[in-house]
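need a 3D model of the following:
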Amino acid sequence: MNESFDKDFSNHTPMMQQYLKLKAQHPEILLFYRMGDFYELFYDDAKRASQLLDISLTKRGASAGEPIPMAGIPHHAVENYLAKLVNQGESVAICEQIGDPATSKGPVERKVVRIVTPGTISDEALLQERQDNLLAAIWQDGKGYGYATLDISSGRFRLSEPADRETMAAELQRTNPAELLYAEDFAEMALIEGRRGLRRRPLWEFEIDTARQQLNLQFGTRDLVGFGVENASRGLCAAGCLLQYVKDTQRTSLPHIRSITMERQQDSIIMDAATRRNLEITQNLAGGVENTLAAVLDCTVTPMGSRMLKRWLHMPVRNTDILRERQQTIGALQDTVSEL
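Sure, this is the predicted structure:
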């Protein structure tokens, strides 16, 4: 059965009617449908999951006169399977039983309680703790690009406005997002083709007025002047889409996302994509991490420190005041340790 099924589900069994209605709300991603101690996948989802996860593809009876392809995973091992899927750039809608089987007439009530995507995961079991896991959005108009990134675990929210294609390409390589949102009419597909976790989004999510409203609501502010981004219209378009996507997938409040910061090109040394690649900062030419600059310098104790060091290496600052401030901070910490 193809997923482009007719919205009339009356020929199916009550349980499959429930499944198909939920699946119709999430046609482009896998749906984990809770049944007892297992999450089940049906039809095209089952076939795809069996290949991605190397699990058995079976059949479950019939519905509407056709056998139902099925694959399943035990609920207690779901985090392991989710990790495998997000590492391959896949997204998953988690559908749980919310009704009481003892009182339900017909199928137990179910609903999608969360959507796990490569750029919005926050569970430690799914993350590589010493690497940033970023959700990003890109926008383009006649004057240049808008680009926004969010680390949903820490709430670190950044935007920038690359002036040309080369600078935008360098930003994509520097940040290496796990998931990238782009407008349905995005003109520079060659710039992002081949990247992992690409998500096509409707144009209205990039509207500037909608973006300002969303951001002010999130931060509890009347305007964005205090963040220094009020006039960054292209960057705000990207940031607005990103925030909308996070709300759609997380389905919960996000109080730790409290601010947004503008990253300006003049504040750091600009490196194009080829230079960054050849310097082997965090990835060697073979695609690994051995003997990279970060691997040699990273003596940090915590994962957070490791992630910060890598950001600093990828974005060397030009402002000597910031460099002196860092040196003084490190010096103060060293003095404190020696006193102890």
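
now the strands for the stretch 101-250 of the chain?
Using DSSP state E, counting those that start in this stretch, the strands found in the stretch 101-250 of the chain span residues 110-116, 135-141, 144-151, 156-160, 179-183, 198-201.

buried stuff in the second one?
Within strand 135-141, the residues that qualify as buried are 135-140, counting by 16 or more other Cβ atoms under 10 Å. (C-beta placed from N, C-alpha, C; glycine too.)

paired strands for the one helix or strand in the chain whose mean pLDDT sits lowest, with orientation please.
Ranked by mean pLDDT, DSSP states H and E, the weakest helix or strand in the chain is strand 58-63, scoring a mean of 81. For strand 58-63, sheet partners with direction are given as strand 66-74 (antiparallel), following DSSP bridges.

who's in contact with the closest residue to residue 174 other than its chain neighbours?
Spatially, and ignoring its direct neighbours in sequence, residue 174 is nearest to residue 314 (4.9 Å; Cβ to Cβ, 6 or more residues apart in numbering). By Cβ atoms under 8 Å, 6 or more residues apart in numbering, the residues touching residue 314 are 174, 276, 281-282.

pLDDT at residue 314, what is it?
pLDDT, residue 314: 87.

ok, it to residue 200 distance?
Distance check for residue 314 against residue 200: by Cβ to Cβ, to the nearest Å, it reads 27 Å.

also residue 85?
Here residue 85 is placed at a distance of 19 Å from residue 200 (Cβ to Cβ).

okay, the two: which has more neighbours?
Set side by side, residue 85 and residue 200 show unequal neighbour counts under other Cβ atoms under 10 Å, the larger going to residue 85 at 22 against 11.

tell me the angle the strand or helix carrying that one makes with strand 179-183.
Taking DSSP states H and E as the criterion, residue 85 maps to helix 78-87. With axes from the mean of the first three to the mean of the last three Cα atoms, to 10 degrees as the basis, helix 78-87 and strand 179-183 are set at 50 degrees to each other.

in helix 78-87, what's buried?
Under the neighbour-count criterion of 16+ other Cβ under 10 Å, helix 78-87 has 78, 81-83, 85-86 buried.

then stretch 180-189?
With burial defined by 16+ other Cβ under 10 Å, the residues of stretch 180-189 counted as buried are 180-183, 186.

again, but for stretch 29-46
By neighbour count, and taking 16+ other Cβ under 10 Å as the criterion, the buried residues in stretch 29-46 are 29-35, 38-46.

and residue 142, how far is that from residue 308?
As defined by Cβ to Cβ, residue 142 lies at a distance of 36 Å from residue 308.
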